[in-house]
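Asks: build the 3D model from these lines:
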Amino acid sequence: MVLICEDRIVFYYTSLRGIRRTYEDCCVVRMIFRGLRVPVDERDISLDSTYKKALQEALKGKLSLPQVFIGEKHIGGAEEIKEMHEYGELAKLVVMCLADLEYDYTNPYESASRINRVILPEFVTQRALCLFYLVTGHWFMFLLCLPYLYYDVRMYMDKQHLVDITEIFNMLNHEKKKHIVKLVYLIVTLFLSLFWLLYSALDYDEYM
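Replies: Model (predicted):
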């Protein structure tokens, strides 16, 4: 069973509050890494049993939370992470890990930057297109664009329109699916726009 991804910080935790001390330790470690502003692959064993089995294998049957791995190296639990953070050792270790990531094709900084660069232009273009359909009286195309426009506005208002580098590993599958849906949506819109353009041109020629 695959446990660790090379040159990646993996954080095993639980979102259940059954054991207060464990839950609080998980929250503390999560806040430490978020304070360092580094990408972390967060794995909630309470939501996915495969994570739990993989962690048990790595710890040779013993299971305690939270646990942190960097690459194939087991860093430790809450006490070790808090101690390393207090003495500045955790930041040094993370910097070394991110230096390795710079030479990896899955560099999270580059990936997040590329995605975020096109989000605002996409929003502006979508609004301009909706306004164009509204002004020119293309009501069907305007109504077709409204769901897309509503989704973009809602994401922007909730401040969820940009990719968070600290969450990018956990969001990869969601982002892929979202952009595939967007691509299909845009292809359908483009096809219908071309259809109405050709239809209008032929209708104009017949009128003339």
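
Asks: next secondary structure element downstream of the lowest-mean-pLDDT helix or strand in the chain?
Replies: Across the helices and strands of the chain, mean confidence by mean pLDDT, DSSP states H and E is lowest for helix 89-101: a mean of 66. Per DSSP states H and E, helix 89-101 leads on to helix 108-135 as the next helix or strand towards the C-terminus.

Asks: can you give me the buried ones in stretch 51-64?
Replies: Tyr51, Lys52, Ala54, Leu55, Ala58 (16 or more other Cβ atoms under 10 Å). Every C-beta, even on glycine, is put in place using the N, C-alpha and C of the backbone.

Asks: narrow the residues you listed to those in strands?
Replies: With strands taken from DSSP state E, there is no overlap with the buried residues of stretch 51-64.

Asks: these into TSV, with extra columns for distance to Ser64 and pLDDT?
Replies: Compiled in TSV, the buried residues of stretch 51-64 are given as follows (distance: Cβ to Cβ, whole Å; pLDDT from 0 to 100):
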residue	distance to Ser64	pLDDT
Tyr51	14	90
Lys52	12	90
Ala54	15	88
Leu55	9	90
Ala58	12	86
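
Asks: and which of the residues you listed is nearest to Arg127?
Replies: Tyr51 (40.7 Å; Cβ to Cβ).

Asks: OK, contacts around the closest one?
Replies: Tyr51 makes contacts with Tyr12, Arg43, Asp44, Ile45, as judged by Cβ atoms under 8 Å, 6 or more residues apart in numbering.

Asks: go again with 6 Å.
Replies: Contact analysis of Tyr51 by Cβ atoms under 6 Å, 6 or more residues apart in numbering lists Arg43, Ile45.

Asks: with Arg8 instead?
Replies: Asp41.

Asks: Ser15 - that's part of a strand, no?
Replies: No. Going by DSSP: H, G, I helix; E, B strand; the rest coil, the assignment for Ser15 is coil, not a strand.

Asks: just list the residues touching it, thanks.
Replies: By Cβ under 6 Å, 6+ apart, the neighbours of Ser15 are Asp44, Ser46.

Asks: distance of it from Leu197?
Replies: Here the criterion is Cβ to Cβ, to the nearest Å. By it, Ser15 lies 51 Å from Leu197.

Asks: over to Leu120?
Replies: Between Leu120 and Leu197 the distance is 28 Å, computed by Cβ to Cβ.

Asks: Met155 now?
Replies: With Cβ to Cβ as the criterion, Met155 and Leu197 are 30 Å apart.

Asks: over to Val184?
Replies: Taken as Cβ to Cβ, the span from Val184 to Leu197 is 20 Å.

Asks: for Leu93, list the residues it contacts.
Replies: No contacts exist for Leu93 under Cβ under 6 Å, 6+ apart.

Asks: how about the secondary structure of Ile75?
Replies: Secondary structure assignment for Ile75 (three-state DSSP): strand.

Asks: what sits against the closest residue in space to it that isn't next to it in sequence?
Replies: Distance criterion Cβ to Cβ, 6 or more residues apart in numbering; nearest residue to Ile75, sequence neighbours excluded, is Val68 at 4.4 Å. Listed by Cβ under 6 Å, 6+ apart, the contact partners of Val68 are Phe11, Ile75, Ile81.

Asks: between those, which is nearest Val188?
Replies: Phe11 (39.6 Å).
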